[in-house]
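Q: Got a predicted model here, sequence first, then my questions.
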Amino acid sequence: MKKILGILVFTMVVSFVFATTIYDIQYTTVAGPDGTYPSPVEDEEVTVIGIVTGVGFSGYKDNFYIEMAEGDPWSGVYVFMAGDTTLVAGDEVEITGTVREYFGFTEISGYEDTFISVSLLSSGNPIPVSLVVQTADLVDAATAEQYEGCLVEVHDVVVTQEQTNYGEWYVTDISATPCQIDDGFFYLDSVTPEIVIVLGMEWAIIRGCLDYGYDEYGINPRTPEDLIDEVSFNENTVNANSEFIGCYPNPFNPQTTAYLNLKSDSRVTLNVYNIKGEKIRTLVNENLSAGEHHVSWNGTDDNNSQVSSGIYFFESGIENNGGDYTSIKKVILLK
């Protein structure tokens, strides 16, 4: 009897140690003939455990994302047609189903009567921390595949393309490579207030679950709270008498123009800084008369050398009888 119990215990321990994980489903460095990276366990039935990170993808609550609690690369996966569930983010679930590739997008699928089951293990768990990436990381499959199905976020981005008829829009960060933002969880015009995407709009953080379709990876914000506005601490400290309106075009190549509107004669400085906070160009350092002023920058430093693509900051200082004011605007140079 003791021998039988020992064998059972050993079997249970071995099964636990060697249980399939989401990482086992996703991790691969072998590209398929179409350039995507299919799961090494494609078409196999698996049982995995994960934390729900987003529900209601493509408008159906039986489509959701799960991720290993560690929140590392290769640790997220999409669950498709799991049945009528009432899951919410933070639920820990055990999923048994078949791994499928939908045009390069790895999923655990219940499509066409494929067996799939969902067991709720616990609720209220911490959602895995989103992975901070650059927009360039999400363009090439060789680097982006590790984030497929994961919760990711990009920082300090600017809109480079407004929404298409299919709901996608594009942003870029300092890497100057646009990546797609998509509406897999909600439509921007379905929320109150409606979210309108405008060329040159800035976002501090955009967070969401990463999918793959039509040869592109896309970040899908789960709720409007995944779109985090950026308001500089001194962005709105310009009084009614003096204003640094902004720069246009933004992003730009090869030139952008800063627009100032001075209601009274002022001492004005206008400097350009790189992402490291180093001043690279002084555009204005003089007294300017009241009225509109347009100051162009062609992407060169004080030595007239061309700077690299990326994020730069225009800092204006305005001194007049109304006081001293500073404002900062972010621009992106694309090449």
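A: On my side now, so go ahead. The structure displayed is predicted, hence computed values, not measured ones.
Q: For the rest of this, base every contact and every neighbour count on C-alpha atoms.
A: OK.
Q: domains for the protein, by residue range?
A: The record, using automatic domain parsing to delimit domains, assigns the chain the ranges 2-122, 131-229, 242-333.
Q: Need these in a markdown table (columns: mean pLDDT and mean neighbour count).
A: Converted to a markdown table, the domains of the chain look like this (pLDDT from 0 to 100; neighbours: other CA atoms under 10 Å):
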| stretch | mean pLDDT | mean neighbour count |
| --- | --- | --- |
| domain 2-122 | 88 | 18 |
| domain 131-229 | 93 | 19 |
| domain 242-333 | 88 | 17 |
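Q: hey, where'd the helices end up in the stretch 101-250 of the chain?
A: Taking DSSP state H, counting those that start in this stretch as the criterion, the stretch 101-250 of the chain contains helices spanning 141-144.
Q: Now do the strands in it.
A: Ranges of strands in the stretch 101-250 of the chain, per DSSP state E, counting those that start in this stretch, are 105-109, 117-122, 131-132, 151-161, 169-172, 179-181, 202-213, 216-220, 227-229, 242-248.
Q: now those in TSV, with distance to residue 33?
A: Formatted as TSV, the entries for the strands of the stretch 101-250 of the chain read as follows, by distance: least, CA to CA, whole Å:
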stretch	distance to residue 33
strand 105-109	14
strand 117-122	31
strand 131-132	28
strand 151-161	27
strand 169-172	28
strand 179-181	24
strand 202-213	16
strand 216-220	17
strand 227-229	36
strand 242-248	43
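Q: Any idea which of those gets closest to residue 94?
A: Between residue 94 and those, the shortest gap by CA to CA is with strand 117-122, which sits at 5.1 Å.
Q: what does the closest one contact?
A: Contact partners of strand 117-122, identified using CA atoms under 8 Å, 6 or more residues apart in numbering, comprise 82, 91, 92, 93, 94, 95, 96, 97.
Q: what's the most distant pair in these?
A: Most distant of the contacts of strand 117-122, by CA to CA, are 91 and 97, 18.0 Å apart.
Q: Excluding chain neighbours, what is closest to residue 188?
A: residue 195 (5.1 Å; CA to CA, 6 or more residues apart in numbering).
Q: Can you tell me how far that neighbour is from residue 136?
A: Shown here: residue 195 relative to residue 136, a distance of 25 Å by CA to CA, to the nearest Å.
Q: repeat for residue 90
A: Computed as CA to CA, the residue 90 to residue 136 distance reads 29 Å.
Q: Correct me if wrong: residue 46 contacts residue 19.
A: No - under the contact definition of CA atoms under 8 Å, residue 46 does not touch residue 19, with a separation of 9.2 Å.
Q: Quick one: classify the closest residue to residue 53 other than its chain neighbours as helix, strand or coil.
A: By the measure of CA to CA, 6+ apart, the closest residue to residue 53 outside its immediate chain neighbours is residue 89, 4.9 Å from it. With DSSP: H, G, I helix; E, B strand; the rest coil as the basis, residue 89 sits in coil.
Q: tell me what the helix or strand harbouring residue 79 is packed against?
A: Residue 79 belongs to strand 76-80 when elements are defined using DSSP states H and E. Other helices and strands packing on strand 76-80, by 3 or more CA pairs under 8 Å, 6 or more residues apart in numbering; DSSP states H and E, are helix 22-26, strand 64-67, strand 105-109.
Q: Which helix or strand contains the nearest residue to residue 315 once chain neighbours are set aside?
A: What sits nearest to residue 315 in space, not counting adjacent residues and going by CA to CA, 6+ apart, is residue 328, at 4.5 Å. With elements delineated by DSSP H and E, residue 328 resides in strand 323-333, which encompasses its position.
Q: So what's the gap between that strand and the chain middle?
A: Here strand 323-333 is found 25 Å from its chain centre; the criterion is CA atoms, centre = their mean, to the nearest Å.
Q: what's the angle from that strand to strand 242-248?
A: Strand 323-333 runs at 0 degrees relative to strand 242-248, counting by axes from the mean of the first three to the mean of the last three CA atoms, to 10 degrees.
Q: Could you tell me the angle between strand 323-333 and strand 151-161?
A: Orientation of strand 323-333 against strand 151-161 (the same axes, to 10 degrees) gives an angle of 90 degrees.
Q: could you say what helices and strands strand 323-333 packs with?
A: The elements that strand 323-333 packs onto, with contact taken as 3+ CA pairs under 8 Å, 6+ apart, are strand 242-248, strand 310-320.
Q: now these as JSON lines including distance to residue 289?
A: What follows is those, written out as JSON lines (distance: least, CA to CA, whole Å):
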{"stretch": "strand 242-248", "distance to residue 289": "11"}
{"stretch": "strand 310-320", "distance to residue 289": "11"}
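Q: before we move on, back to that, can I get the helices and strands packed on strand 76-80 in a markdown table including distance to residue 179?
A: Listed next are these as a markdown table, based on distance: least, CA to CA, whole Å:
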| stretch | distance to residue 179 |
| --- | --- |
| helix 22-26 | 22 |
| strand 64-67 | 20 |
| strand 105-109 | 17 |
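Q: which stretch among these comes nearest residue 185?
A: Distances from residue 185 to each of the helices and strands packed on strand 76-80 were compared by CA to CA, and the smallest falls on strand 64-67, at 9.7 Å.
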